[in-house]
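Engineer: Can you look at this prediction? I've put the sequence above it.
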Amino acid sequence: MRYLAILGSHEREGITAGYLAAVLQALPEDATVETVFLRDYDIYPDTKEQSCPALDELEAKMAASDFWILCAPTYWGGLSGVMKQFFDCMRFRLVRMNSVGDTLPGKYQNKHYLSMTTCFISSTDNFFTGITDQTFVTFDRVMTGAGLIKVGEFVGTGTWGTKAPRPEKLRECTRWGHKIADRPRKDDNTLKRYILLFIMIAAMALVTMGLQAWWLGVFAPGKFWITYLSFVVIFYVLLAALLHFFTFVRHRRR
């Protein structure tokens, strides 16, 4: 397995790089691992007359790798400029465009990636404010457009006023290193999703009927419409709360 770590920070050996190193150290000894520090490259957009030599070199490394580890700090609530510039300049190499300008997956389709970031604020603050959300949204938008498959994400919080990575976060990085090394080859979780969806719907229907019987006592003859309306309202509120939790609240990074 060939791993390519792309570091888009301003410091080669800063806290962000320390977390990345912890992931790489946990990979198997027989793995082929290469780290790219983007500031070492003179990256600029291709032109019709000439392609960017740095992009040519990076593109070759990306094509030769099976797994990408994308690592960059969060600044001003978004992805660092170093990594963002790289994504912008690599756009037409990551995807292909059709006649109406739609982006379609290119030659990197079905590769895998892990995204990593760091931020100044604490885990609790990040959970409630979601300061790193936009960073991961950018990672995912670019990688999804290129057809890559996401394995996971890591955020190192509380970097303000510190000079070294946090021990508990380093252990989390080690776990990620083991996880991406032992990940299953099969990525189709369709059956699992259907089973989970069935369980969630069955559980919510049970809760809904229980609340109807407890609060309203509606399971009596001649009360069909109140049964129906109360079921719809309660089921809708529960489903909306569940979707909101898993889509927004649970997705907040600590």
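Structural biologist: Yes, it's here. Numbers count the residues shown, from 1 in each chain.
Engineer: Which of the three states applies to the spatially most central residue of the chain?
Structural biologist: Nearest to the mean C-alpha position of the chain, by Cα atoms, centre = their mean, lies Glu153 at 4.8 Å. Per DSSP: H, G, I helix; E, B strand; the rest coil, the secondary structure class of Glu153 is strand.
Engineer: what bridges to it?
Structural biologist: Beta-bridge partners for Glu153, by DSSP bridges, are Ser115.
Engineer: May I have the residues that are in contact with it?
Structural biologist: Leu114, Ser115, Met116, Thr117, Phe136, Phe139, Arg253 (Cβ atoms under 8 Å, 6 or more residues apart in numbering). All C-beta atoms are positioned from the backbone trio N, CA, C, and that covers glycine.
Engineer: Do a quick rundown of the strands in the stretch 1-150 of the chain.
Structural biologist: 2-7, 32-37, 67-71, 74-75, 78-79, 95-97, 103-105, 112-118, 149-156 (DSSP state E, counting those that start in this stretch).
Engineer: quick one: the residue nearest to the centre of the chain and Thr135, what's the gap?
Structural biologist: 9 Å (Cβ to Cβ, to the nearest Å).
Engineer: hmm, back to that, for the strands of the stretch 1-150 of the chain, could you give me CSV that also reports mean pLDDT?
Structural biologist: Output for the strands of the stretch 1-150 of the chain, formatted as CSV (pLDDT from 0 to 100):
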stretch, mean pLDDT
strand 2-7, 97
strand 32-37, 97
strand 67-71, 98
strand 74-75, 96
strand 78-79, 96
strand 95-97, 88
strand 103-105, 87
strand 112-118, 97
strand 149-156, 95
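Engineer: Adding distance to Glu168, write the ones you listed out as TSV.
Structural biologist: Below are these laid out as TSV (distance: least, Cβ to Cβ, whole Å):
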stretch	distance to Glu168
strand 2-7	22
strand 32-37	23
strand 67-71	18
strand 74-75	19
strand 78-79	24
strand 95-97	37
strand 103-105	36
strand 112-118	14
strand 149-156	10
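Engineer: and stretch 131-150, which residues are buried?
Structural biologist: 131-133, 135-136, 138-139, 142-143, 145-148 (16 or more other Cβ atoms under 10 Å).
Engineer: So what touches that stretch?
Structural biologist: Taking Cβ under 8 Å, 6+ apart as the rule, stretch 131-150 contacts 68, 70, 72, 74, 77-79, 84, 87, 94-95, 103, 105-106, 108-115, 117, 119, 121, 125-126, 153, 155, 187, 251-253.
Engineer: about what we covered before: Pro53 is nearest to which of the strands of the stretch 1-150 of the chain?
Structural biologist: Nearest to Pro53, of all the strands of the stretch 1-150 of the chain, is strand 32-37, at 14.5 Å by Cβ to Cβ.
Engineer: tell me what the closest one is packed against?
Structural biologist: Judged by 3 or more Cβ pairs under 8 Å, 6 or more residues apart in numbering; DSSP states H and E, strand 32-37 is in contact with strand 2-7, helix 15-25, helix 53-64.
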